[in-house]
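*Asks:* Kindly return the folded structure for what I paste below:
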Amino acid sequence: MEARASRTRIGLMGLLALSIMMPVTLPVPILRELVGVRFAVSELSTSLFMSINMIGAALAAPLAGALADRIGKRRPLVIGALAFDALCFVGMTLDLPFSVFMGIRFIEGCAHIFALSLVLSIAASLGGETKRGVTMGITGAGMMLGVALGAPIGGMLGRVDPLRPLMTGAAVLVAAATLAAAVLIEPKESESRPRMSQIWKAIRENREIITPLIFAFADRFTVGFYTTTFSLFASGLHGADPPQVGLWISAFMLPFAMLSFPFGVLADRISKTALLCGGSLIYGVLTASLGFWPTAWIGPGMAVIGMTAAVMFVPSMLMTTDLTPPAIRSTALGAFNTAGSLGFIFGPLTGGLVSEAVRASHGAAAGYQAAFGVAGGAEILCALVALPFLLRLRAAGKTT
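*Replies:* Coordinates of the predicted model:
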């Protein structure tokens, strides 16, 4: 009976992760209407909408983990952060100046990553030392499925009113807070309550964590292009309407979501190093070529890219937990999310800057080709640079 309850709880963690992540992509297919047209701002300013909340996330993620590790309580922090996040979504629907709108978006990013970091730390503890790949795989699959579902739903809702995806996001976050109150339990490791000085000492003594953090940055740097630059690329160059943009993004995210669990399980059995570096190389090559594809290739091609992205997603989280002691796992996963948030910050900004700069002299198509070339090149470079160090960590028995 206990095992069955445990499996049920782990399954509900996947549902919770889905409900936390769905609001992330609800606005993506209607970025041009929600931000660019509504406030009469440039593509670069429109891209900033997806970066400004990640600036907040980068600041809040390590604070969330360190605070939870210090006080030993995660559940009430998650519930409160999700409720506050819902309020921010409602606030963004109000008639506000652009600067205030973006300020709320910044705070929303703080609340969102605060909740997500702590949910990931709880998920990492549920499976113990032997089944962490299963629990993190289900949680990761829930995250990606939420992102995948958010895009097409947001596109359909935004066809009528660009504010509807924001109101829907608020409702989903309220449901997530309710589910968190019912599902979450405190990990046993939280009982030790290390002092802040002990947490930072443990981080300094486990500097190997920088390796999966670099992958987190590079992976989400490229995903930042898919959530922002791709939306503008699809609507501006290929003439896609919001529902079509949402479907294309979903074609990327659904295989990503569905394969995260099996690759999480596989990571418990084979080399995480091989999955990380192999997946990154293929993903980088495909991303770099995206701007050259004809319209007919985009749907199926995005599905293939999503498959390769799934290869490395959960293994990078698992490697983070491999390289850190249980007492600072929340802090480590907070750092993982900070690195990812920094990637999300620079991804949309870089995509906007590169595409606009190249567009000015070589046209819109060349601008988007250059942008996706930078994204894919960054992923390839990350894999090549990290591989020797990962092989040393593997030889030392610190990861697989």
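
*Asks:* Tell me which helix or strand comes right after the worst-scoring helix or strand of the chain on mean pLDDT.
*Replies:* Between all helices and strands in the chain, the lowest mean by mean pLDDT, DSSP states H and E belongs to helix 196-205, at a mean of 61. With elements assigned by DSSP states H and E, the helix or strand that comes after helix 196-205 is helix 210-224.

*Asks:* If you count contacts, what does that following helix end up packed against?
*Replies:* On a contact count with 3 or more C-beta pairs under 8 Å, 6 or more residues apart in numbering; DSSP states H and E, helix 210-224 meets helix 43-71, helix 272-289, helix 295-322, helix 329-362, helix 364-395. Any C-beta I mention is one placed from the backbone N, CA and C, and that applies to glycine too.

*Asks:* The first one: how far from the chain's middle?
*Replies:* Taking C-alpha atoms, centre = their mean, to the nearest Å, the mean C-alpha location of helix 43-71 is offset from the chain mean by 11 Å.

*Asks:* buried set for that helix?
*Replies:* Neighbour-count burial for helix 43-71, counted by 16 or more other C-beta atoms under 10 Å, picks out 43, 46-58, 60-70.

*Asks:* Show me the shaky parts of the stretch 1-150 of the chain.
*Replies:* The model of the stretch 1-150 of the chain has pLDDT under 70 over residues 1-6, 65, 69, 72, 127-133.

*Asks:* Can you list the residue ranges for helices in it?
*Replies:* 2-25, 31, 38-39, 43-71, 75-91, 98-126, 132-160 (DSSP state H, counting those that start in this stretch).

*Asks:* Against which helices or strands is the second one packed?
*Replies:* On a contact count with 3+ C-beta pairs under 8 Å, 6+ apart, helix 31 meets helix 43-71.

*Asks:* angle of the helix it packs on against helix 98-126?
*Replies:* In terms of direction (axes from the mean of the first three to the mean of the last three C-alpha atoms, to 10 degrees), helix 43-71 departs from helix 98-126 by 40 degrees.

*Asks:* Just send the helices of the stretch 1-150 of the chain back as JSON lines, with distance to Leu393 too.
*Replies:* Shown next, in JSON lines, are the helices of the stretch 1-150 of the chain (distance: least, C-beta to C-beta, whole Å):
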{"stretch": "helix 2-25", "distance to Leu393": "28"}
{"stretch": "helix 31", "distance to Leu393": "39"}
{"stretch": "helix 38-39", "distance to Leu393": "47"}
{"stretch": "helix 43-71", "distance to Leu393": "22"}
{"stretch": "helix 75-91", "distance to Leu393": "31"}
{"stretch": "helix 98-126", "distance to Leu393": "19"}
{"stretch": "helix 132-160", "distance to Leu393": "17"}
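
*Asks:* what's the closest of those to Ala274?
*Replies:* Ranking those by proximity to Ala274 (C-beta to C-beta) places helix 132-160 first, at 14.6 Å.

*Asks:* roughly how far out does the following helix or strand past that closest one sit from the chain middle?
*Replies:* Downstream of helix 132-160, the next assigned helix or strand under DSSP H and E is helix 164-183. Between the centre of helix 164-183 and the centre of its host chain there is 18 Å, according to C-alpha atoms, centre = their mean.

*Asks:* and what of stretch 36-44?
*Replies:* Distance, stretch centre to chain centre, for stretch 36-44: 24 Å (C-alpha atoms, centre = their mean).

*Asks:* what's the first-to-last distance across that stretch?
*Replies:* For stretch 36-44, the first-to-last residue distance is 9 Å (C-alpha to C-alpha, to the nearest Å).

*Asks:* ok, residues contacting that stretch?
*Replies:* Contact with stretch 36-44 is made by 35, 45-46, 98, 101, 162, 232, 349, 352-353, 355-356, as judged by C-beta atoms under 8 Å, 6 or more residues apart in numbering.

*Asks:* re the thing from before, reformat the helices and strands packed on helix 210-224 as TSV; add distance to Phe221.
*Replies:* What follows is these, written out as TSV (distance: least, C-beta to C-beta, whole Å):
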stretch	distance to Phe221
helix 43-71	11
helix 272-289	10
helix 295-322	12
helix 329-362	4
helix 364-395	6
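
*Asks:* To Ala175, which of these lies closest?
*Replies:* Nearest to Ala175 among these is helix 43-71; the distance by C-beta to C-beta comes to 20.3 Å.

*Asks:* hmm, back to that, if you rank the contacts of stretch 36-44 by neighbours, which is first?
*Replies:* Using other C-beta atoms under 10 Å as the neighbour criterion, Ser355 leads these with 29 neighbours.

*Asks:* who's in contact with it?
*Replies:* By C-beta under 8 Å, 6+ apart, Ser355 lies in contact with 43, 229, 232-233, 364, 367-368, 370-371.

*Asks:* Next one, pLDDT for it please.
*Replies:* On the pLDDT scale, Ser355 is placed at 88.

*Asks:* what does Ala218 give?
*Replies:* For Ala218, the model assigns a pLDDT of 89.

*Asks:* Now do the contacts for it.
*Replies:* Listed by C-beta under 8 Å, 6+ apart, the contact set of Ala218 reads 280, 343, 378-379, 381-382.

*Asks:* and those residues, which are buried?
*Replies:* Among these, those classed as buried by 16+ other C-beta under 10 Å are 280, 343, 378-379, 382.

*Asks:* among these, which two are most distant?
*Replies:* Spanning the widest gap among the buried ones among the contacts of Ala218 are Ser280 and Gly343, at 13.0 Å by C-beta to C-beta.

*Asks:* what sits in contact with each of the two?
*Replies:* By C-beta under 8 Å, 6+ apart, the residues touching both Ser280 and Gly343 are 218-219.

*Asks:* how near is the nearest residue to Leu16 once chain neighbours are set aside to Ser121?
*Replies:* Leaving out its chain neighbours, the residue that sits closest to Leu16 by C-beta to C-beta, 6 or more residues apart in numbering is Leu179, at 5.1 Å. Look at Leu179 and Ser121: by C-beta to C-beta, to the nearest Å, they are 17 Å apart.
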